[in-house]
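Enquirer: fold the following for me, if possible:
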Amino acid sequence: MTIGIIGSGNIGATLARLFVKAGHEVAISNTRGPESLRDLVAEIGPLARAASIEDAIAFGDVVIEAIPYGRYRDLPAAAFVGKLVVTAGNYYPQRDGEIDLAGRAQSELVAEHLAGARVVKAFNTIWYEHLQKQGDTTKPIDQRRVIFLAGDDQAAKQIVADLITQIGFGPLDIGSLHDSIAQEPDSPIYNKDITVAQARAQLGVK
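Expert: Prediction:
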């Protein structure tokens, strides 16, 4: 699978490393341009390449945006039409400024901007150092560290769940994009180091 990543910070760079390790081709991008990523892609290896944002979007069967939430409107919406997009950002008012969510999930505003994309919320509830270190493909799924996901497209969610499994974590689908409110900052499951089994028990889901 080809994966485009927008954002080369802690989450974006960590996911690039993990997906390459799992055998996927990755194109990673940021607002500073491909030249700024030369050292990172050299470290990750030959399955990684530096790209412009537009080229990373075009490259990926799956595109992951891992940018500060307040900048989601800067994403070139037309380029995402028909794409499977994973939104990994979190809204922090002190960083992003005041944004009126009007009772909606943060991911719903991203999906509204990226009209025509298949949006899944994932990778936003885990600290990047845990993402680096806690994946373990030898464990049964229920005993792995959980990564929550949510979205309105079941097929898209299954693809993302498979990627989560391949890098050693346990996916847990909590529902629709609106339901992803339950995985936002300050929620009971946000940034909690728990297994899939523990998360199921906490949320009361099968």
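Enquirer: show me where this protein has its strands.
Expert: Here the chain has its strands, by DSSP state E, at 2-6, 25-29, 48-50, 62-65, 84-87, 118-122, 146-151, 170-173.
Enquirer: note down every partner strand of the fourth one and its orientation.
Expert: In the sheet containing strand 62-65, the strands it pairs with under DSSP bridges are strand 2-6 (parallel), strand 84-87 (parallel).
Enquirer: want to throw the ones you listed into CSV with distance to D74 and mean neighbour count?
Expert: All C-beta spots, glycine's among them, are computed from the backbone N, C-alpha and C. As requested, the strands paired with strand 62-65 are exported to CSV (distance: least, CB to CB, whole Å; neighbours: other CB atoms under 10 Å):
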stretch, distance to D74, mean neighbour count
strand 2-6, 10, 25
strand 84-87, 14, 26
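Enquirer: for the chain, which segments count as helices?
Expert: Ranges of helices in the chain, per DSSP state H, are 10-21, 38-44, 53-59, 93-96, 106-113, 128-133, 154-166, 196-203.
Enquirer: specify the stretch among those that is closest to H178.
Expert: Proximity to H178 (CB to CB) singles out helix 106-113 among these, at 6.1 Å.
Enquirer: run through who's touching that closest one.
Expert: Helix 106-113 is contacted from outside by 65, 69, 72-73, 75, 77, 85, 87, 89-91, 99, 101, 117, 119, 121, 150-152, 177-178, 180-181, 184, using CB atoms under 8 Å, 6 or more residues apart in numbering.
Enquirer: ok, now stretch 182-190?
Expert: 90-92, 105-106, 121, 124-125, 148, 150, 174-175, 181, 191, 199, 202-203.
Enquirer: switch the cut-off to 10 Å
Expert: By CB atoms under 10 Å, 6 or more residues apart in numbering, the residues outside stretch 182-190 that reach it are 69, 90-93, 101, 105-107, 121-122, 124-126, 146-150, 172, 174-175, 180-181, 191, 198-199, 202-203.
Enquirer: need the buried ones from those selected in ChimeraX.
Expert: In ChimeraX, this line selects whichever of those come out buried by 16 or more other CB atoms under 10 Å:
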select :69,90,91,105,106,107,121,122,124,125,126,146,147,148,149,150,172,174,175,180,181,198,199
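Enquirer: do you know how far the one residue sitting closest to the centre of the chain is from G103?
Expert: Centroid-nearest residue in the chain: A88, 3.7 Å away (criterion: CA atoms, centre = their mean). The spacing between A88 and G103, counted by CB to CB, to the nearest Å, is 22 Å.
Enquirer: picking that back up, ok, now which ones touch the residue nearest to the centre of the chain?
Expert: Per CB under 10 Å, 6+ apart, neighbours of A88: 5-7, 11-12, 15, 64-67, 69, 107, 120-126.
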